[in-house]
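J.: need a structure here:
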Amino acid sequence: MLILLNLNFISPALADDTVNGTQIFSVHCAGCHINGSNIIRRGKNLKMKALKKNNMDSIEAIASIITNGKNNMSAYKDRLTQQQIQDVAAYVLEQAEKNWR
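T.: Model prediction:
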């Protein structure tokens, strides 16, 4: 008897709805973070180098900042659902991996 298992592993960034994240980012985030930059604090941008430097290079870490805010970054827990937060976090990480191109 032969049993075959097909285990598909999906990148965490692809597991969430990055299409929805794109739309949410455009409405709520692009004003300060156009193309992954930061108009308020340059060093706190969304480029992979900065995300890694600040230990923010995971969906969980990005979602935490979106949810709770930090310093000049407002909290979005009262404006976005948990799913929307996950979607935008997945989008941000995916774009950082592509160098926002």
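
J.: Tell me where the chain has strands.
T.: Assigned by DSSP state E, the chain shows no strands.

J.: wait, what's in contact with the spatially most central residue of the chain?
T.: Of all residues in the chain, the one closest to the mean position by C-alpha atoms, centre = their mean is residue 89, 2.2 Å from it. Residue 89 is in contact with 16, 21, 59, 60, 62, 63, 66, counting by C-beta atoms under 8 Å, 6 or more residues apart in numbering. For every residue, glycine as well, the C-beta is placed using N, CA and C.

J.: Filter those residues down to the buried ones.
T.: By neighbour count, with 16 or more other C-beta atoms under 10 Å, the contacts of residue 89 hold 16, 21, 59, 62, 63, 66 as buried.

J.: Tell me the one among those residues nearest to residue 84.
T.: Among the buried ones among the contacts of residue 89, residue 21 lies closest to residue 84 (C-beta to C-beta), at 8.0 Å.

J.: Pull the contacting residues for that closest one.
T.: With C-beta under 8 Å, 6+ apart, residue 21 has these contacts: 87, 88, 89, 90, 91, 92, 94.

J.: Narrow those to those in helices?
T.: Mapping the contacts of residue 21 onto helices (DSSP state H) picks out 87, 88, 89, 90, 91, 92, 94.

J.: closest to residue 54 among those residues?
T.: residue 92 (12.8 Å).

J.: Please report the distance of that closest one from residue 83.
T.: Applying C-beta to C-beta, to the nearest Å, the value for residue 92 to residue 83 is 15 Å.

J.: More neighbours: which of those two?
T.: Just comparing residue 92 and residue 83: by other C-beta atoms under 10 Å the higher neighbour count belongs to residue 92, 26 against 12.
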